[in-house]
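Enquirer: Can you look at this prediction? I've put the sequence above it.
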Amino acid sequence: MAISPVSGVGIILTAVPSKTTPENLEKIIAKLEKQRDEYRTSTDALDKNRTIKSLEERLNNLENRLSKLKQREEEQNGECQTCKTRKYQDGSDDPGVSFKTATSVSKGAAEAAVRGHEQEHVVREQYNAEKNGLEVVSQNVRIKYGICPECGDSYCAGGVTTTVTRPKTESAYEIAQKDENPAKKALEDRFAVGVYDRNDEYGKLLNTVA
């Protein structure tokens, strides 16, 4: 905008545009569309067709600019291609857990999904130990992390569950219940004294006379 010279000095003011955002562009587009529609309905406007054509050209340029701006923001705020295509798959020989086939998981949900999967291993290892007469000595879950080579962000790279088992140790009561246990046999013989059955040959004769 030219301003009349002051004291012989020419002054030129240049408008400084506000920050270009999708919201600002959408507002400008809406105003231009309104103007275009008003010209279309006007019957007495001079150079009507030329004005409409000019408005449509400006609208087309602004819409292309808006599309590119939105795409750029999505690329900056969204996941990179490597993170988008990352998949997780179980590497164990346990057929009863999840992720037996490669499955895509978003970067934000990956850690929770991996922890849930490892918890499946924890529960199933406990069940298998009980079924096979073993006892679990310790269990440990370790979550692994990595750095994406494309975007540089940290991501959950998987998990490992370690289970240590050993044969169950028998309690004193369980040992006492076994037939081959001398303590139990002596207990049975004690109550069998004087109740001797010759046919079954069970029990013992009382050797002393009261």
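Expert: Everything's here; your move. Residues are numbered from 1 along each chain as shown.

Enquirer: so what's residue 80 up against?
Expert: Applying CB atoms under 8 Å, 6 or more residues apart in numbering, one finds that residue 80 lies in contact with 148, 150-151, 153. (Each C-beta comes from the backbone N, C-alpha and C, glycine too.)

Enquirer: swap in residue 86?
Expert: Residue 86 makes contact with 104-105, 107, 110, 155, according to CB under 8 Å, 6+ apart.

Enquirer: And it, its phi and psi?
Expert: For residue 86, the backbone dihedrals are phi -70, psi 140 (criterion: degrees, to the nearest 10).

Enquirer: Isn't residue 94 up against residue 118?
Expert: No: if you go by CB atoms under 8 Å, residue 94 and residue 118 don't touch, sitting 11.6 Å apart.

Enquirer: of these two, who's got more company?
Expert: Neighbours were counted for residue 94 and for residue 118 using other CB atoms under 10 Å; residue 118 has more, 20 against 13.

Enquirer: where's residue 163, which helix or strand?
Expert: In the assignment (DSSP states H and E), residue 163 maps to strand 154-167.

Enquirer: for that strand, packing partners?
Expert: Helices and strands in packing contact with strand 154-167 are listed as helix 110-131, strand 134-147; criterion 3 or more CB pairs under 8 Å, 6 or more residues apart in numbering; DSSP states H and E.

Enquirer: Pick the most deeply packed of those.
Expert: Ranked by average neighbour count under the criterion mean count of other CB atoms under 10 Å, those are headed by helix 110-131 at a mean of 16.

Enquirer: quick one: it to strand 154-167, angle?
Expert: 10 degrees (axes from the mean of the first three to the mean of the last three CA atoms, to 10 degrees).
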